[in-house]
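Chemist: Dropping a prediction and its sequence here:
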Amino acid sequence: MEFFLDTADVEEIREIAAWGILDGVTTNPSLIKKSGRDFKTVVAEIAEICDGPISAEVTAMDTAGMLEQGRALKADLPDNVIIKIPCTPEGLAATKVLNSEGIDTNVTLVFSASQALMAAKAGATYVSPFIGRIDDTGADGMTLIAEIMETWSNYDIITTKVLAASIRHPTHVLACMQLGAHTVTMPTKIFRQLMSHPLTDKGLEGFMRDWAAVEAAGNA
Ligand code: G3P
């Protein structure tokens with residue numbers, strides 16, 4: 001069970017990394033745009049904060065371009081950076097070659113179990129099904145996770161990890177884990193929501209108030 005952050009905001013990554021349970025980070029071109037920072041600089045900083053896999057996405061549309069960008073990112077950035085590749089035929093070919101070169105990949109924009117299967121066949125390290133974006137269409141994103149996990153269960157040979165992405169609320173995370181997904185990547189807000197409960201806050205407030213009374217009585 002791996003928990004990744006889906007952000008390129010370095011301060012947020014520092015905050016969650018300090019909790020001690022952060023296993024990796026995923027970025028994409030939209031998150032890099034949101035950060036307003038230089039792509040390689042921000043990915044390198046993230047890779048220093050978190051030891052786990054840090055996904056950096058290629059933007060070429062053709063296999064040769066993806067390979068060129070993927071190899072350059074691996075050469076220029078820390079070892080824990082992995083290459084995020086779109087789930088297209090060109091991306092499949094690039095994934096196969098990068099895998100043969102020992103470069104880890106995350107095949108992204110996966111919306112069907114058949115796409116996930118093809119990415120696994122190409123040797124992807126991770127496949128990223130996008131749950132929330134499927135929910136947005138009126139379908140059930142979690143059904144896709146169930147279909148992928150069921151397919152995987154038939155083949156011991158598949159080592160590709162299922163990285164559930166486009167997570168919109170804490171129950172998505174729990175449902176993914178109940179289905180046996182290997183990894184979930186989520187925004188900082190979801191990490192915070194997973195840890196937050198009003199009864200924890202209320203209970204702690206009561207304990208602290210009573211402990212202050214114990215101290216005031218000289219009994220601490
Ligand atoms: O890693 C990208 C993925 O998680 C996208 O999420 O919220 O833009 O659908 P979202």
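Modeler: Structure received.
Chemist: ok, what's across the strand from the spatially most central residue of the chain?
Modeler: In the chain, the centroid-proximal residue (CA atoms, centre = their mean) is Thr185; its distance is 2.9 Å. Thr185 forms beta bridges with Phe4, as assigned by DSSP bridges.
Chemist: Isn't it up against Leu5?
Modeler: Yes. Using CB atoms under 8 Å, Thr185 is in contact with Leu5, at 6.9 Å. Backbone N, C-alpha and C define where each C-beta goes, glycine included.
Chemist: per-residue confidence at Met118?
Modeler: Looking at Met118, its pLDDT is 98.
Chemist: still on that earlier bit, next, show the common contact partners of Thr185 and Leu5.
Modeler: 24-26 (CB atoms under 8 Å, 6 or more residues apart in numbering).
Chemist: Just these: which are in strands?
Modeler: With DSSP state E as the criterion, strands contain 24-26 from among the shared contacts of Thr185 and Leu5.
Chemist: What about the ligand: which of the shared contacts of Thr185 and Leu5 touch it?
Modeler: Residues of the shared contacts of Thr185 and Leu5 in contact with the ligand (CB under 6 Å from any ligand atom): Thr26.
Chemist: got a winner among the shared contacts of Thr185 and Leu5 for most neighbours?
Modeler: Compared across the shared contacts of Thr185 and Leu5, Val25 has the highest neighbour count, 29 neighbours, by other CB atoms under 10 Å.
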